[in-house]
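1. sequence first, predicted model second:
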Amino acid sequence: MRIDLVARNGRSRLVEIAAPLVALIAAMAIGGLLVALLGKSPVQAFFVYFVDPLMESWSLQELAVKATPLVIIAVGLCFCFRANLWNIGAEGQFILGGAMGGWIALLTHGGAGGWWILPAMLLTGALAGLAYALIPALLRVWLGVSEILTSLMLVYIAQFFLDYMVRGPWRDPKGFNFPVTVNFADAATLPQLFDGGRMHAGVLIAIVVALVAALVFSRSLFGYEVRLVGAAPRAARFAGFDDRRLTLSVFAISGALAGLAGIVEVSGQIGQLQPSISPGYGFTAIIVAFLGRLSPIGIVVAGLVLALTYIGGESAQVAMKLPFYLTGAFQGILLMCVLAADVFTRYRLSVQFGRAA
Amino acid sequence: MNPDIIELVLITIVTAATPLVIAGVGELVVERSGVLNLGVEGMMIVGAAIGFAAAFLTGSALIGALAAIASGMLMSALFGLLAIGLAANQVASGLALTILGLGTAGLAGAGFVGQKRDSVPHLYIPGLSDLPFVGKLIFGQDPFVYLGVALVAGVAWFLRRTRAGLTLRAVGENHASAHALGMRVRRIRFLAVLFGGACAGLAGGYLSLVYTPFWSPGMTAGRGWIALALVVFASWRPWRVYAGALLFGGATVLQLHAQAASIGLPGQLLSALPYLATILALVVLSARDRRGSIAPGSLGAPFVPDR
């Protein structure tokens, strides 16, 4: 028997929409098997993970709050991934954006306040992420250094930087030696969307980011350029597109958005700086980007799905004593299934019996 | 400085380098076959968890090491099915493997956090191991250190001197030509990926069986990524992987000694040194090799045979 991949003629809209759904179902089946191996009920786990969080208002709000950083980062990443460039250090850009944006909150703390503080924080966070992402981009453009490894190494360095600042210069002097900064003043906190709710204005930022990115991709020359360079780099070069400028641009966009996500999370959700401000959002966003098929609108849906695994994972830990790492393992399985399903949007399997001539 | 202390420092450098050597030389073979497997970190951490669990349950370090190898191979087989069998994007598949590995290792190792077991015995040859200065350094290490050297020598010989090694390099340089010459591109690559998985698993096992010797989640601390950088740094040559690993082992040990001596620099800056050194090494290397890429020609490109 011989199994081969045969290219499809043209792309089918149906297959493209079905692929991520099939991947999700397959990942759930494998995840259920894992739960059964751990001696728990897969059916109960399915409800705790994927159904219960959708049933109550507070958990729906929590879902939107958790999806916010994932969507903002993943929208930025899809610019890079579409252009076949691999920024895998979004986690570091997120951390640095949160840290530097939060620094503005610390500098203005105890002052008169003012409307300009929040915009200044968001801008600083985005710029910090942008600058940090330009390091691997410039090294690639100038020296041909692989952006994959440098962007990842910078994650560790950002983690150590935040850890140092929070334990040292930025620590709250009245904080009983806990490694945290002061709680941000109201002027440095993203407002809640409704009184007593959990949703903050960052949710709106995520929606705007996704909509603008969708327009850029479908309606602008730059969006076309990104898609062309990724799909046909030689053709793009003949068409006169400058791939160095494009490399810098997509890294700048993805870094700025990761940094923005960082400061949105710090200002809207955490409310202070602490040694760790991310449970790996920068890496999970990679899964979100692929599950959303590298399209901004798809990413919004995918962000909600991955946010569900975080919230479901937390309640599964409490309700079913399922280990914390199950969520990570499930996310890895999901990405593998998504990548496998993606192959079948471009190829179909041909099975021939007997030896091929 | 007293020679005994210098010897001690050199010994710790060699042990810190050993997991990087083992994982790095495995990935080197994978990349020479034209495949970029970014999942080294994930395979390593699974090897560390499974290796420790198996050794703890059976009481045998040998079984632990074998289990680490087997788990690394199993992980790499998943990657192989995806990236070679289905020709999925290699970068994304490797990242998926790392994410999966970190989660799986956490699950598998959950029951073993805080458990301890003795490290493996070191080599002892009466007379030779007692020689001043070089005795312990050359004749008194743990078995993995010698295995690391043997692996590098074996891979160097295999790639340069054997027909199979030549085939593997041909597949990595130009998969279309290799395919046209009748080489089984996907089979050769799959075998290379399995070898890389075995090495990464073993390197992880070294960490939890010998280096620390206990299991804790996240204990690989980016060593898999540093091993990947080492391969680039070494220009895809086995012995240079060893030299590079000693350099990084040196940076790690230097950092630990500086922390202990409290020289006034923040501990976080010192901890960041190995990662900074990695970036710096990649920059220096690329400045040296500006004139032409020395990477295998088909590295990272998915291969779908057309007939």
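-> Perfect, thanks for sending it.
2. is stretch A:169-180 positioned near chain B?
-> No - if you take Cβ under 8 Å from any Cβ of the partner chain as the test, stretch A:169-180 misses chain B, and the best it gets is 10.2 Å. Bear in mind the C-beta positions are built from the backbone N, C-alpha and C, glycine included.
3. output that stretch as CSV, nothing but the C-alphas.
-> Output of stretch A:169-180 as CSV, limited to C-alpha atoms (Å, rounded to 0.1, in the frame of the first residue of the first chain):
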residue,chain,number,x,y,z
PRO,A,169,13.9,49.5,42.2
TRP,A,170,10.1,49.2,41.7
ARG,A,171,9.1,47.4,44.8
ASP,A,172,6.4,48.9,47.0
PRO,A,173,8.3,50.2,50.1
LYS,A,174,5.2,49.7,52.2
GLY,A,175,4.6,46.2,50.7
PHE,A,176,6.0,44.1,53.6
ASN,A,177,8.9,43.0,51.4
PHE,A,178,6.6,41.2,48.9
PRO,A,179,8.0,41.5,45.4
VAL,A,180,5.2,43.6,44.0
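4. which SSE is residue 21 in?
-> Since no chain was named, I'll use chain A. helix A:13-37 (DSSP states H and E).
5. my bad, the chain I had in mind was chain B
-> Judged by DSSP H and E, B:V21 forms part of helix B:3-32.
6. buried residues in stretch B:118-127?
-> Within stretch B:118-127, the residues that qualify as buried by neighbour count (16 or more other Cβ atoms under 10 Å in any protein chain shown) are B:V120.
7. how far does it stretch from one end to the other?
-> One end of stretch B:118-127 sits 25 Å from the other (Cα to Cα, to the nearest Å).
8. quick one: distance of it to the chain centre.
-> 23 Å (Cα atoms, centre = their mean, to the nearest Å).
9. next: stretch B:133-145.
-> That offset, for stretch B:133-145, works out to 20 Å (Cα atoms, centre = their mean).
10. so where do the helices sit in the stretch 1-150 of chain A?
-> A:13-37, A:42-46, A:57-82, A:90-107, A:117-143, A:147-167 (DSSP state H, counting those that start in this stretch).
11. still on that earlier bit, now the helix holding B:V21: mean pLDDT?
-> In this model, helix B:3-32 has an average pLDDT of 90.
12. counting contacts, what elements does that helix pack onto?
-> helix B:40-58, helix B:135-139, helix B:143-161, helix B:163-173, helix B:185-206, helix B:223-233, helix B:238-261 (3 or more Cβ pairs under 8 Å, 6 or more residues apart in numbering or on different chains; DSSP states H and E).
13. counting by contacts, list what the longest one packs against.
-> In terms of contact count using 3+ Cβ pairs under 8 Å, 6+ apart, helix B:238-261 is assigned the packing partners helix B:3-32, helix B:143-161, helix B:223-233, helix B:267-288.
14. for those helices, which one sits closest to A:A236?
-> Nearest of the helices and strands packed on helix B:238-261 to A:A236, taken as Cβ to Cβ: helix B:267-288 at 23.6 Å.
15. hmm, who's touching that closest one?
-> Residues outside helix B:267-288 that contact it (Cβ atoms under 8 Å, 6 or more residues apart in numbering or on different chains): A:139, A:143-146, A:149-150, A:153-154, A:156-157, A:160-161, A:163-164, A:167, B:222, B:225-226, B:229, B:232-233, B:235, B:244, B:247-248, B:251-252, B:254-255, B:258-259.
16. and that helix, how far from the chain's centre?
-> Centroid separation for helix B:267-288 versus its chain: 18 Å, with Cα atoms, centre = their mean.
17. average model confidence for it?
-> 84.
18. how about stretch A:45-65?
-> pLDDT averaged over stretch A:45-65 gives 89.
19. circling back: give me whichever of the helices and strands packed on helix B:3-32 is most buried.
-> helix B:40-58 (a mean of 29; mean count of other Cβ atoms under 10 Å in any protein chain shown).
20. right, and the helix or strand after that one?
-> helix B:61-80.
21. packing partners for that following helix?
-> Packed next to helix B:61-80, using 3+ Cβ pairs under 8 Å, 6+ apart, are helix B:40-58, helix B:90-109, helix B:185-206.
22. could I get the first one in CSV with only the CA atoms?
-> Meaning helix B:40-58. What follows is helix B:40-58, C-alpha atoms only, in CSV (Å, rounded to 0.1, in the frame of the first residue of the first chain):
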residue,chain,number,x,y,z
VAL,B,40,14.2,19.9,21.4
GLU,B,41,13.1,21.7,24.6
GLY,B,42,9.9,19.7,24.7
MET,B,43,11.6,16.3,24.0
MET,B,44,14.2,17.1,26.6
ILE,B,45,11.8,17.9,29.4
VAL,B,46,9.7,14.8,28.7
GLY,B,47,13.0,12.8,28.8
ALA,B,48,13.8,14.4,32.1
ALA,B,49,10.3,13.6,33.6
ILE,B,50,10.0,10.0,32.2
GLY,B,51,13.7,9.2,32.9
PHE,B,52,13.4,10.2,36.5
ALA,B,53,10.1,8.5,37.0
ALA,B,54,11.4,5.2,35.5
ALA,B,55,14.6,5.3,37.5
PHE,B,56,12.7,6.1,40.7
LEU,B,57,10.2,3.3,40.3
THR,B,58,12.7,0.6,39.2
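23. done for today, thanks.
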